[in-house]
Each structure stands twice: as structure tokens, then as C-alpha cells.
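Participant: what follows is a protein structure lacking sequence information:
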């Protein structure tokens, strides 16, 4: 439905959303769950670049190689429901390390 007047179009979309809010919220939640599943599948296929650890994905962390290029931490992006495409852009700037390796690196 094409509207020449911007205000008419906005009013139409507000009305549509008000009538279909529960359906739209379900769609958004389903999309966010699919994006999180993509991330978890990706992370499960990773291993520590130093020691090769891969048993528990909770112990694997994305370590930014250059802090100047970092837009946000991966965890913060997950918390704010970023799409997998956006996460992938940030992940490409990182290497995967296990918590033990990170702990040893930060002690030195």
C-alpha cells in the first residue's frame, strides 16, 4: 500500500502494529532465538588458537586482536540482541582463546 503522505503511512503502520502486536513480538523473539542459535553453533565449532581446547564453549572467549578496531564486546552485542551478521563482523576482528590461556596472558 503506497502512501504519498508520510504521516498517513506512519499512521497506517502504527495502526497495523497495534492490531498485530502479539504476532510481531513473537516473530521478533523467534528471529532473535535463531540468531543466537547461529552464534552458539559457530562458537561450538571453534577451539582455542593456542592450546586447542574445545570441550566447553563457555570457557572459550573472543579476544580482540586490536583494541582500536573494537566496536563492542561480543557479550555486549549478544546482550543487545545483535544479528549474527553484525556479530560475525566483530568476531572477524578476534581470535578464540580459552579462559586458561587468557588468564595466563593477563598475568604476565
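Facilitator: Perfect, I can see it now. Quick caveat: nothing in here was measured; it's all calculated off a predicted structure.

Participant: how far does stretch 35-52 sit from the chain's center?
Facilitator: Distance, stretch centre to chain centre, for stretch 35-52: 13 Å (CA atoms, centre = their mean, to the nearest Å).

Participant: when you give positions from now on, start the count at 54
Facilitator: Yep, numbering from 54; the last one is stretch 88-105 now.

Participant: which residues in the protein form helices?
Facilitator: Ranges of helices within the chain are 59-97, 127-132, 137-144, 152-160, based on DSSP state H.

Participant: out of the ones you listed, flag the one nearest residue 120.
Facilitator: Nearest to residue 120 among the helices of the chain is helix 137-144; the distance by CB to CB comes to 12.5 Å. No exception for glycine: its C-beta is placed from N, CA and C like everyone else's.

Participant: low pLDDT regions in this protein?
Facilitator: Per-residue confidence for the chain (pLDDT under 70) gives these ranges: 54, 159-161.
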